[in-house]
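[1] below are the sequence and a predicted model for it; my questions follow.
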Amino acid sequence: MRFILFLTVFSYTYLNAQCDRWQQSVDYHMQIDFNVKNHRFDGKQELYYTNNSPDTLTKIYYHLYFNAFQPGSAMDVRSLTIPDPDARIGDRISKLNKTEIGYQKIKYLKQNGVDLKYEVNETILEVVLDKPIYPKQTCTLSMEFEAQVPLQIRRSGRDNKEGIDYTMTQWYPKLCVYDRDGWHTNPYVAREFYGNWGTFDVSISIDKDYLVAGTGETNNYEGSILMGSNKKLWHFTAAKVHDFAWAADRNYLHKSIVISNKLTVHFYYQNDEKYKEAWEKLPSYMGKMFDYANKHYGQYPYKNFYVIQGGDGGMEYPMSTMITGVRSLASLVGVVSHEMMHSWYQGALGFNESLYPWMDEGFTTYSSNYISQAVLNPDATKDPQEETYNGYYGYIKSGRQEPLTTHADHYITNSAYGANAYDKGAIFLHQLSYVIGQKALDKGLLEFFRDWSFKHPDANDCLRNMEKASGLDLDWYKEYWVNSIHTINYGIKTVNKKSGKYFIELERIGNMPMPIDLVLYYQDGTSECINIPLPFMRGNKPNENNARPYIVEKDWQWPNTTYMLEYKTKSDPVRIEIDPSKRMADIDRSNNVYEFTD
């Protein structure tokens, strides 16, 4: 009996504490009473917080995101002083008047019924606990608050440029994350988000003229009339999510479809002829998009997904996205595929977007590029990642490079953030397929999602899965591509023939070493691939093209800037090329090809 009990405890501990990735648990219950005349709402929040960490907590912190939308805030100053401000923000915050600003004011905060001392530091609420929260202990945090919805500036707010009444994102006091790195209390200056997984039970009362869309599930998508009032009540529940978002508009249409695996996809958009053509065609693409994603990147873990016209551009939230509505069908499919894939990387894997925006945006860009091409142009032969490489090459020419390890809020320029997060982040994966092979990468991505969903993994965790899938060592790849701004540049320096052999001298011009695929093309249309590994890979990529010979040569020792290949060919080649797949991000391909002349 004792032995059986030991096995049970051991198994539970191992499965729930893999690699010490404990997760704090939150259970939000909120009641919101909304006043559309002054764009304010009163909120009551009861939060059951479970400390699953090994540490005793004496303080806690909340995000108060709406406080950023005030003249003189950190977000305002950041936008006014950065060399290339986001055009959507610019100087707009500095011009907000008292009725247009956003705010969140705390009326009271209690721990297990006892009033707490707290201090508001702009977008962070600093709280001293009455009693410590010990490991494995749950406490109740009760709060009453008042908020004003700002004029829509970035992501959240009212009366946006397309006329959506309310886009309610980052709208409630949200507990900051405490993890193995401690508290994450970054002030809000318009970048990324990070949250605790948990459950949400949210009731919203708002004028009956509004249709409301929200994260999770509801038993009534039309709302329930409140007796003796001109308001309706909307009740949403959601489990295993790290945030709750909603939107409301008086002119919304709501449509839904059920696709594979009994997933319901909801569409909320304005009842306007300029939207209808593209939005009415969008549902026919959703099944293909989710089928592709489930097959290649892991099974979507929820029962609902919401495509909501709201906010600006496109922004991801659990089970949902807020996007602009005036789009062509191709644009609509493209942005939805991108925001949808955030449900895998921001939603289920839950990367810390502030620390690793390149993982969230980059992995999402990589996967959605494939999805968009597969559903919009399935016969295309163009590499769907081509534009991400072009963006990266332009970034290198700009001279504004910063390492991927830069915190999202602390980039010197917005352009560097964008190029790193989206382009260089996507290339991290596509280029990795060049290093280990596409089959190993595909296997690694599926196993990464399976092993690390709901555990907040980082780049090391991802690479461990890729090492298991490929059998190769990959620490060096992160050290160069993520931790540095070194670039890749290889060339064919000289080609000579002597005694029936070809002597091909290759050179490394850039500072980042890479394995080399050197392809020799012959007059009869055949080719051979010579693979030159790096010593710290402890192996080599397998052949990706069984239609041609694949020869693995000795390692290229990375301190050497040149490599002499001595090779006896079957006949005289007409052309030699380094990496014809173009997956290696070589910043100067002009020296990658050697053409033989008669």
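    Done, it's in.
[2] low pLDDT regions in the chain?
    For the chain, residues meeting the criterion pLDDT under 70 lie at 1-19, 598.
[3] and for it, the residue most distant from the center?
    Relative to the mean C-alpha coordinate of the chain, counting by C-alpha atoms, centre = their mean, the farthest residue is Ser499 (55.2 Å).
[4] spatially nearest residue to Thr123, not counting backbone neighbours?
    In this structure, Thr123 finds its nearest non-sequential neighbour in Tyr188, 4.2 Å apart by C-beta to C-beta, 6 or more residues apart in numbering. (Each C-beta comes from the backbone N, C-alpha and C, glycine too.)
[5] helix or strand: which one has that neighbour?
    For Tyr188, there is no enclosing helix or strand under DSSP states H and E.
[6] residues contacting it?
    Tyr188 makes contact with His63, Tyr65, Asn67, Ala68, Ala74, Met75, Thr123, Gln170, according to C-beta atoms under 8 Å, 6 or more residues apart in numbering.
[7] need phi/psi at the fourth one.
    Right, the one you point to is Ala68. Backbone torsions of Ala68, given as degrees, to the nearest 10, read phi -70, psi -20.
[8] pretty sure it contacts Met75?
    Yes: assessed by C-beta atoms under 8 Å, Ala68 is found in contact with Met75 at 4.1 Å.
[9] who's more crowded, those two?
    Neighbour count, other C-beta atoms under 10 Å: between Ala68 and Met75, Ala68 has more, with 27 against 24.
[10] just the strands from the stretch 351-500 of the chain, written as ranges.
    With DSSP state E, counting those that start in this stretch as the criterion, the stretch 351-500 of the chain has strands at 490-498.
[11] my read: His107 touches Ser142, true?
    Actually, residue 107 is Lys. It isn't His. No: using C-beta under 8 Å, Lys107 is not in contact with Ser142; the gap is 10.9 Å.
[12] neighbour count: the two, which is higher?
    Ser142 (18 against 11).
[13] just give the number of residues close to the residue nearest to Arg40 when sequence neighbours are not counted.
    Spatial nearest neighbour of Arg40, excluding adjacent residues (C-beta to C-beta, 6+ apart): Gln148 at 4.8 Å. Counted with other C-beta under 10 Å, the neighbours of Gln148 add up to 20.
[14] quick one, what contacts Gln148?
    Applying C-beta under 8 Å, 6+ apart, one finds that Gln148 lies in contact with Asn38, His39, Arg40, Phe66, Ile101, Gly102, Tyr103.
[15] change it to 10 Å
    Gln148 makes contact with 35, 38-41, 66, 69, 98-105, 158 under the criterion C-beta atoms under 10 Å, 6 or more residues apart in numbering.
[16] Leu282 now?
    Lys255, Ile257, Val265, Phe267, Tyr269, Met289, Val307, Arg327, Leu329, Leu332, Val333, Val336.
[17] now render those as CSV, adding secondary structure.
    Putting the contacts of Leu282 into CSV (DSSP: H, G, I helix; E, B strand; the rest coil) gives the following:
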residue, secondary structure
Lys255, strand
Ile257, strand
Val265, strand
Phe267, strand
Tyr269, strand
Met289, helix
Val307, strand
Arg327, coil
Leu329, helix
Leu332, helix
Val333, helix
Val336, helix
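[18] mind giving me the PyMOL select for those residues, buried ones only?
    Paste this into PyMOL to select the buried members of these, with burial taken from 16 or more other C-beta atoms under 10 Å:
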select buried, resi 265+267+269+289+307+327+332+333+336
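[19] now the contacts of Leu282 as TSV including distance to Asp409?
    TSV is the format used below for the contacts of Leu282 (distance: C-beta to C-beta, whole Å):
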residue	distance to Asp409
Lys255	38
Ile257	38
Val265	33
Phe267	33
Tyr269	32
Met289	31
Val307	29
Arg327	29
Leu329	35
Leu332	30
Val333	31
Val336	27
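[20] show me which pair in the contacts of Leu282 is furthest apart.
    Spanning the widest gap among the contacts of Leu282 are Ile257 and Arg327, at 19.1 Å by C-beta to C-beta.
[21] so what's the closest residue to Pro173 other than its chain neighbours bridging to?
    Closest residue to Pro173 apart from its sequence neighbours, by C-beta to C-beta, 6+ apart: Tyr62 at 4.5 Å. Note on Tyr62: beta-bridge partners by DSSP bridges are Leu125, Leu175.
[22] give me every residue that touches Tyr62.
    45, 47, 104, 106, 109, 118, 120, 123-127, 141, 143, 145, 172-176, 185.
[23] of these, buried ones?
    By neighbour count, with 16+ other C-beta under 10 Å, these hold 45, 47, 104, 106, 109, 118, 123-125, 127, 141, 143, 145, 172-176, 185 as buried.
[24] re the thing from before, now, among the contacts of Leu282, which is nearest to Val552?
    Closest to Val552, out of all of the contacts of Leu282 and judged by C-beta to C-beta, is Met289, at 38.5 Å.
[25] how about the strands in the stretch 201-350 of the chain?
    Going by DSSP E, counting those that start in this stretch, the stretch 201-350 of the chain shows strands at 211-214, 224-225, 231-241, 246-249, 252-259, 263-270, 304-309, 314-317, 320-323.
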